[in-house]
Each structure stands twice: as C-alpha cells, then as structure tokens.
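# This is a predicted model, with the sequence first.
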Amino acid sequence: MSSKDGPMRNAGIAILVLLATSSTKGQVKADPERANFCDVVASPSNFDGKLLSVDVTLQPSFHSLSLYSSACTSKEGFDVTTQAILPNGWETMPNGKKLKRSIGHGRPVNVQLVGTFRSSVSRGQDGQRFTFSISKIISASPA
C-alpha cells in the first residue's frame, strides 16, 4: 500500500460513516404516540414537542383552524384552545381533498391526525393557547 492509499482510504471510510449517520439522522420516522386530546391539553408540558396521533374535531373559522374535543371543552381556568397548522401541499395528502371540501364550506370535521403538539408558543391567530402542526391526515369525515 502506498502512502497515498492510506489517507484516501481513511477519507473514503470517513465519507461512508458520515453518509450512514446523516441518512439516519435525516430520517426522523418515529411512530407517533397515540394520545387522548383531553389528556394532552390537561397536561400540556408532558406532550410539548411530541409527535402525536389524536382523534379530534377540526373547526374552521375566518382566520384559522382549531382543534377540539367535545369531551373537554374550554371553561374559565381551563383553556384548551388549539390552533391546527396544515403543512404545505396538504390538499394532495391522503384525505386532504375530503378535509378541504368540508372546511371549505365552514363545517367542522371529525379527523384523526398525526402532528406535533406545542404548548410553549405565543397565542394563535384567534387567541389559541396551543398549536398542533399536522403532518398526516389519517381520516376526515363531516362532524
């Protein structure tokens, strides 16, 4: 082996290691945690920043979309308001067209969603306390 082969071989090994580690770092394909929406908003710090799967009702308003559950509604001292944030291209996602038809008519939609819950944010467009950034629409049906 010549002196040139040593550094070149080490560089090649370093590149392979770098590619292997960067491909696994870029693939954040964690399974979402199945969660009850009422538990999430009752203990928001326990779920902050987590990828969750929730069954909720999505309610369109003039300025934004809100998530809620009839099992746990906001009342004085218990603010559960949550802004839903749709990703770019959501209309082309599976069940995106179903969701678009319903919210386009201003109707609430029962949905199962996967997304990231955030409790440590400023208030949403309509004063919501929390945000839920949607990454997947599992199901959508008129409420």
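Alright, I've got the coordinates.

# Nearest residue to the spatially most central residue of the chain in space, please, no chain neighbours.
What sits nearest the mean C-alpha location of the chain, by C-alpha atoms, centre = their mean, is Gly115, with 1.7 Å. In space, Gly115 comes closest to Ile134 once its chain neighbours are excluded; the distance is 4.2 Å by C-beta to C-beta, 6 or more residues apart in numbering. All C-beta atoms are positioned from the backbone trio N, CA, C, and that covers glycine.

# what about the one you found, is that helix, strand or coil?
strand (DSSP: H, G, I helix; E, B strand; the rest coil).

# show me the residues around it that make contact.
Applying C-beta atoms under 8 Å, 6 or more residues apart in numbering, we find Ile134 in contact with 84-87, 90, 113-115.

# Kindly recompute the last result at 10 Å.
Residues in contact with Ile134 (C-beta atoms under 10 Å, 6 or more residues apart in numbering) are 58, 65, 67, 84-87, 90, 93, 99, 111, 113-116.

# So which of the residues you listed sit within strands?
In this view, these that belong to strands under DSSP state E are 58, 65, 67, 84-85, 111, 113-116.
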